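A.B. asks: predicted structure and sequence below. I'll ask about it afterward.
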Amino acid sequence: MREITVKYVLTDEDENRLKKITEAYRKQGLNESEDEMFASIMDHGSAYDIGQKFRYHELSLGIVQG
């Protein structure tokens with residue numbers, strides 16, 4: 001297994017949405033910072049996202065056949 005760190009740049013709109021999401025979860029008792037919330041959101045389902053993106057490039061480059 002290998003861990004890779006990725007940097008994300010959020011637009012002002014994305015930042016506002018993250019703030020609203022974080023506040024809504026806080027009302028439900030989940031006390032996480034916006035950074036923790038973002039990490040949680042991005043981590044959930046990331047294996048699927050990675051697999052899908054890798055598959056696209058493998059197909060595009062002819063590494064695998066469809």
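C.D. replies: Great, that's in hand. Numbers count the residues shown, from 1 in each chain.

A.B. asks: which helix or strand contains residue 50?
C.D. replies: Using DSSP states H and E, residue 50 falls within helix 46-61.

A.B. asks: so the residue nearest the centre of the chain is in which element?
C.D. replies: A centroid search over the chain (C-alpha atoms, centre = their mean) returns residue 42, at 2.2 Å, as the residue closest to the centre. Using DSSP H and E, residue 42 sits within helix 34-43.

A.B. asks: for that helix, which positions count as buried?
C.D. replies: Of all the residues in helix 34-43, those buried under the rule 16 or more other C-beta atoms under 10 Å are 37, 38. Quick note: C-beta positions are derived from backbone N, CA and C, even for glycine.

A.B. asks: what's the neighbour count on residue 58?
C.D. replies: Using other C-beta atoms under 10 Å, residue 58 has 13 neighbouring residues.

A.B. asks: just how off-centre is stretch 53-65 within its chain?
C.D. replies: 22 Å (C-alpha atoms, centre = their mean, to the nearest Å).

A.B. asks: again with stretch 59-66
C.D. replies: With C-alpha atoms, centre = their mean as the basis, the mean position of stretch 59-66 lies at 25 Å from the chain mean.

A.B. asks: and the end-to-end length of that stretch?
C.D. replies: 7 Å (C-alpha to C-alpha, to the nearest Å).

A.B. asks: quick one: contacts of it?
C.D. replies: 55, 57, 58 (C-beta atoms under 8 Å, 6 or more residues apart in numbering).

A.B. asks: same check on stretch 30-48?
C.D. replies: Here stretch 30-48 makes contact (C-beta under 8 Å, 6+ apart) with 8, 10, 18, 19, 21, 22, 25, 26.

A.B. asks: in strands, which of these appear?
C.D. replies: Among the contacts of stretch 30-48, no member is found in strands (DSSP state E).
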